[in-house]
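> Give me coordinates for this.
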Amino acid sequence: MPGTRAATHKTTTRSRSRKEKENDPIALLEADHREVEKMFKEFEKKKEKDRDAAIELVGRILTELTVHTQIEEEIFYPTMRESGGDKMTDLLDEAEVEHASAKDLIAQISSMSPDEDLYDAKVTVLGEYVKHHVKEEEGEIFPKAKKAGVDMEELGNMLARRKEELMQEMGDGEASS
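Down below sits the predicted model:
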């Protein structure tokens, strides 16, 4: 049957693509970026209309960002430092400074009551920091990372495993990616 062969090929290709994405460290990190960007947009829509949902969303944002920054700092950045050259080192230094600023805001937001002055402003500013950071990572760091000569499949596996561990430690069960 000609139709069956084509359908089987499409399914195999789709499965292979999904498997490759699971092992692709750049795809994993970019998926995190898209998820958090989506949550920040939702927060902006809901903060006035559905306060409880907005507050729950902030908790998820903080968890995702905490895990994401940790896997980058523990695994991705050190791997890229070893093989990326001087320009990569400069970019990673800047990325780590951006992470420090974001982590400071995360700590401030985490210690606040959602009813306090500046709570929403801090969440919004965190979203702006993240947007800037994502633009630099995806525009400069990731393209260089793809050319760094690193075993990307192994790196992707390491990131995925560590992300899963951290999400479970934080009580969120399954990592979204």
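> Could you find the residue nearest the spatial middle of the protein?
The geometric centre of the chain, computed from its C-alpha atoms, lies nearest to residue 32 (CA atoms, centre = their mean), at 3.1 Å.
> Excluding sequence neighbours, find me the nearest residue to it.
residue 68 (4.7 Å; CB to CB, 6 or more residues apart in numbering). For glycine as for every other residue, the C-beta is placed from the backbone atoms N, C-alpha and C.
> Compute the number of surrounding residues for the one you found.
24 (other CB atoms under 10 Å).
> how much space between it and residue 35?
9 Å (CB to CB, to the nearest Å).
> before we move on, what about residue 158?
In terms of CB to CB, residue 158 sits 20 Å off from residue 35.
> Over to residue 101?
Distance of residue 101 to residue 35, computed by CB to CB: 21 Å.
> contacting residues for the residue nearest to residue 32?
Residue 68 makes contact with 29, 32, 36, 163, according to CB atoms under 8 Å, 6 or more residues apart in numbering.
> which among these gets closest to residue 151?
residue 29 (16.2 Å; CB to CB).
> Please state the offset of the one helix or strand residue 70 maps to from the chain centre?
Taking DSSP states H and E as the definition, residue 70 sits inside helix 51-71. The chain centre lies 11 Å from the centre of helix 51-71; the measure is CA atoms, centre = their mean, to the nearest Å.
> can you check stretch 110-120 too?
24 Å.
> What pLDDT is listed against the closest residue to residue 70 other than its chain neighbours?
Excluding its sequence neighbours, the residue lying closest to residue 70 (CB to CB, 6+ apart) is residue 166, at 6.0 Å. Residue 166 carries a pLDDT score of 97 in this model.
> Enumerate every residue touching residue 149.
residue 83 are the contacts of residue 149 under CB under 8 Å, 6+ apart.
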